[in-house]
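>>> Got a sequence here, can you build the structure:
(one chain, ligands or ions: 2)
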Amino acid sequence: MKIESDNQHTLLDYDKSLTLIGQGRSAYVFRIKQTGKAMKVFFPEYMYIAEEEAEIYKVVQEITYYPTLYDAGSNYLVIDYIEGTTLFDCLTNGIPISQEVVRDIDIALQLAKQEGLNPSDVHLRNILITSDLQVKIIDVARFRQTKDCNQWLDLKKAFYCYYEKRYFPKKIPEFMLNGIAMLYKKNLLK
Ligand SMILES: Nc1ncnc2c1ncn2[C@@H]1O[C@H](COP(=O)(O)OP(=O)(O)O)[C@@H](O)[C@H]1O
Ligand SMILES: [Mg+2]
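Ligands and ions are numbered 1, 2, ... in the order given. Coordinates of the predicted model:
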């Protein structure tokens with residue numbers, strides 16, 4: 001993978017065996033063509049996260065709500081490719097989110113806690129729902145941080161207090177969700 005050395009991380013080139021499937025704040029994620037695997041390649045300044053995230057995936061390998069880890073290197077991870085939709089895309093596209101999904105996410109996080117982790121940075125873009133309604137949680141790099149993160153608790157509250165109400169819109173504009181995410185990033189919401 002070749003990226004521009006500006007702070008935009010413009011993607012210049014990548015191997016023909018890969019398909020770009022996502023981008024986060026710290027990495028590009030590709031599907032390895034003709035396989036059920038995904039490769040997360042970290043930007044140079046976030047390279048150190050690769051090892052931390054791999055260690056955490058190893059802790060949750062027995063839990064079905066997390067992808068399998070196949071390989072890890074100094075700046076990348078290979079995990080299951082999850083054929084699904086992030087909760088973020090469910091909300092912006094008006095795909096309904098059920099109580100069962102919310103309950104499964106809770107169970108997934110509870111199970112990680114039982115392994116001694118402190119699930120953090122659990123937000124709409126790090127939760128995927130497959131077409132058969134399975135929940136998968138990705139981007140576990142911050143599961144060992146000591147500071148508590150309330151994002152999931154807040155999302156759950158919003159689900160029961162607002163989303164579930166009959167007249168609450170099931171399709172929410174992207175700019176509103178990004179606005180809320182920005183408040184978290186700036187620590188204005190905790
Ligand atoms: N295993 C995967 N299967 C399918 N999509 C994925 C997978 N991993 C990541 N993605 C997509 O790529 C995006 C960025 O990945 P993520 O691991 O959250 O990176 P970052 O740590 O930079 O936030 C996710 O929000 C999701 O849309
Ligand atoms: Mg992410």
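
>>> Show me the strands in this structure, by range?
2-3, 11-13, 18-23, 27-32, 37-42, 69-72, 76-80, 84-86, 127-130, 135-137 (DSSP state E).

>>> Determine which of these approaches ligand 1 most closely.
Using C-beta to the nearest ligand atom as the criterion, the shortest distance between ligand 1 and those is 2.0 Å, found for strand 18-23. Every C-beta, even on glycine, is put in place using the N, C-alpha and C of the backbone.

>>> Adding mean neighbour count, mean pLDDT and distance to ligand 1, write the strands of the chain out as CSV.
Formatted as CSV, the strands of the chain follow (neighbours: other C-beta atoms under 10 Å; pLDDT from 0 to 100; distance: least, C-beta to the nearest ligand atom, whole Å):
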stretch, mean neighbour count, mean pLDDT, distance to ligand 1
strand 2-3, 13, 90, 13
strand 11-13, 11, 92, 13
strand 18-23, 14, 97, 2
strand 27-32, 21, 98, 4
strand 37-42, 22, 98, 4
strand 69-72, 16, 98, 10
strand 76-80, 20, 98, 5
strand 84-86, 18, 97, 5
strand 127-130, 20, 98, 6
strand 135-137, 22, 98, 8
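
>>> could those strands go into JSON lines alongside distance to Val102?
JSON lines is the format used below for the strands of the chain (distance: least, C-beta to C-beta, whole Å):
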{"stretch": "strand 2-3", "distance to Val102": "36"}
{"stretch": "strand 11-13", "distance to Val102": "34"}
{"stretch": "strand 18-23", "distance to Val102": "23"}
{"stretch": "strand 27-32", "distance to Val102": "25"}
{"stretch": "strand 37-42", "distance to Val102": "25"}
{"stretch": "strand 69-72", "distance to Val102": "26"}
{"stretch": "strand 76-80", "distance to Val102": "22"}
{"stretch": "strand 84-86", "distance to Val102": "15"}
{"stretch": "strand 127-130", "distance to Val102": "10"}
{"stretch": "strand 135-137", "distance to Val102": "9"}
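
>>> All good on my end, thank you.
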